[in-house]
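K.L.:
fold the following, please.
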Amino acid sequence: MWVEQILNVLKQSLLEKLRIHHSVYRLPCTSEFLEELISDALKENGMNNDWKPNRSHSVSVDMTIDEGPSISVKSGVYDPKKNQLKFSGSRLGKHKTIEDMVGHVVDTSADVYVCLTKADQDWSSIPEKFENKIYYLFVFDKQSLDYNSAIWYQKGDIWCLDAIGLSAYISPSMSYQLWTKVDESLIGSPEKLDIL
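P.N.:
Have a look, this model is predicted:
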């Protein structure tokens, strides 16, 4: 229910906000700027939430809708040839075992993920002011990311997970950050937002 409502609001409301963003900036909208646009779009459509522009938020949750779900906002990269989304998650270095790392991710994950991504082939390496900016919007439930769906194994010093439609890894050389690749078969097809 919430996933569909959030998706319907954002696929309409984000277009104008992204146009305004790109009237000033050539680079993709990410991080706190993206969180604020999503928060404002939701509020303007009756979904009040607790996001604040203070660059401080709890682990894995960027905002919570009043009497509704918690939301994690992600940018990332979409590969339309593989129908696959890739994004980063929590840094897990303070946890000593893979069981603790995965347990932390599962226990603290938001109810709903909102991912506004780009496909590398749609963007110039140095975007021009007036070129089209194309985003792909995914909204999906946390159950789509079952990090307990298969056994984590070590490949050198990297922890890896390979399941049907889902792969992930945690690398010490990257601050033990969780990286996830998930197929459309688990999270649905994206809405394409073309910012002219």
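K.L.:
ok, now which ones touch the residue nearest the centre of the chain?
P.N.:
Nearest to the geometric centre of the chain sits K74, at 2.5 Å (CA atoms, centre = their mean). By CB atoms under 8 Å, 6 or more residues apart in numbering, K74 lies in contact with 87-88, 113-117. Every C-beta, even on glycine, is put in place using the N, C-alpha and C of the backbone.
K.L.:
for it, give its distance to Q154.
P.N.:
Distance from K74 to Q154, counting by CB to CB, to the nearest Å: 26 Å.
K.L.:
count the neighbours of the nearest residue to Y176 once chain neighbours are set aside for me.
P.N.:
Excluding its sequence neighbours, the residue lying closest to Y176 (CB to CB, 6 or more residues apart in numbering) is G93, at 3.9 Å. Other residues within reach of G93, judged by other CB atoms under 10 Å, total 13.
K.L.:
one more: Y169?
P.N.:
Applying other CB under 10 Å, we find 17 residues neighbouring Y169.
K.L.:
helix, strand or coil for it?
P.N.:
Using DSSP: H, G, I helix; E, B strand; the rest coil, the three-state assignment for Y169 comes out as strand.
K.L.:
residues contacting it?
P.N.:
158-161, 178-179.
K.L.:
could you dump the residues you listed into a markdown table with distance to E99, neighbour count and pLDDT added?
P.N.:
As requested, the contacts of Y169 are exported to a markdown table (distance: CB to CB, whole Å; neighbours: other CB atoms under 10 Å; pLDDT from 0 to 100):
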| residue | distance to E99 | neighbour count | pLDDT |
| --- | --- | --- | --- |
| I158 | 16 | 14 | 96 |
| W159 | 11 | 21 | 97 |
| C160 | 15 | 16 | 97 |
| L161 | 13 | 22 | 97 |
| L178 | 14 | 23 | 96 |
| W179 | 19 | 16 | 97 |
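K.L.:
nearest to L42, of those residues?
P.N.:
Minimum distance to L42 across the contacts of Y169 is 25.4 Å, recorded for L178 (CB to CB).
K.L.:
for the one helix or strand the closest one maps to, name the packing helices and strands.
P.N.:
Using DSSP states H and E, L178 sits within strand 177-183. Where contact means 3 or more CB pairs under 8 Å, 6 or more residues apart in numbering; DSSP states H and E, strand 177-183 is packed against strand 84-91, strand 166-171.
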